[in-house]
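**Student:** would you be able to build a 3D model of this:
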Amino acid sequence: MSFFARFSPVRAIQDLRSYLATRPPYEIVFLMLAMAATGFLIYLFARNDIAPPPYRADIIYVEQWPMSRTDAEIRAAQKIDQKVKAKRLADQQAQRDARRAQFKKLDDTLSKWGI
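**Tutor:** Numbers count the residues shown, from 1 in each chain. Below you'll find the predicted structure:
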């Protein structure tokens with residue numbers, strides 16, 4: 001307890017009271033407002049009401065092919081996969097175009113307002 005031999009909490013509080021007594025009242029008010037705002041922000045960060053999203057593992061399934069697969073079977077599978085890929089790319093492009101149209105509409109509106 002040699003720490004309290006050099007530092008007395010009672011003397012520290014008395015020293016703080018004597019310092020604050022010499023300050024003008026508006027400084028005390030602003031000090032309290034600053035402490036309240038800081039405490040409120042710390043409370044908001046410490047509260048953390050948002051639950052983390054549930055963990056979902058990304059499982060990647062790999063197709064297994066027999067060793068006896070012929071080149072014709074490979075080409076037939078590639079043609080089927082190409083149709084699926086083309087459809088997926090068309091959907092992505094449609095979504096991209098729709099998003100681009102939304103941004104263009106917003107940009108035109110902002111340009112009309114002079115922003």
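
**Student:** drop to CA atoms for contacts and neighbour counts, all remaining ones
**Tutor:** Fine.

**Student:** now the terminal residues of stretch 61-70, how far apart.
**Tutor:** 22 Å (CA to CA, to the nearest Å).

**Student:** and that stretch, how far out from the chain middle?
**Tutor:** On the basis of CA atoms, centre = their mean, to the nearest Å, stretch 61-70 is displaced by 42 Å from the centre of the chain it belongs to.

**Student:** average model confidence for it?
**Tutor:** Across stretch 61-70, the average pLDDT comes to 88.

**Student:** neighbours of residue 47, how many?
**Tutor:** Counted with other CA atoms under 10 Å, the neighbours of residue 47 add up to 9.

**Student:** so who does it touch?
**Tutor:** Residues near residue 47 by CA atoms under 8 Å, 6 or more residues apart in numbering: none.

**Student:** domain assignment for the chain?
**Tutor:** 2-47, 69-115 (automatic domain parsing).

**Student:** of all the ones you listed, which one is nearest residue 56?
**Tutor:** For these, proximity to residue 56 was assessed by CA to CA; domain 69-115 is nearest, at 23.6 Å.

**Student:** before we move on, back to that, rank the domains of the chain by mean pLDDT and give me the bottom one.
**Tutor:** Lowest mean pLDDT within those: domain 2-47, at a mean of 90.

**Student:** for residue 55, helix, strand, or coil?
**Tutor:** When classified by DSSP: H, G, I helix; E, B strand; the rest coil, residue 55 comes out as coil.

**Student:** give me phi/psi at it?
**Tutor:** With angles defined as degrees, to the nearest 10, residue 55 sits at phi -80, psi 130.

**Student:** got JSON lines for the domains of the chain, with distance to residue 59 too?
**Tutor:** Shown next, in JSON lines, are those (distance: least, CA to CA, whole Å):
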{"stretch": "domain 2-47", "distance to residue 59": "34"}
{"stretch": "domain 69-115", "distance to residue 59": "20"}
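
**Student:** what are the boundaries of the helices in this protein?
**Tutor:** Under the criterion DSSP state H, the chain contains helices at 2-6, 9-21, 25-47, 71-113.
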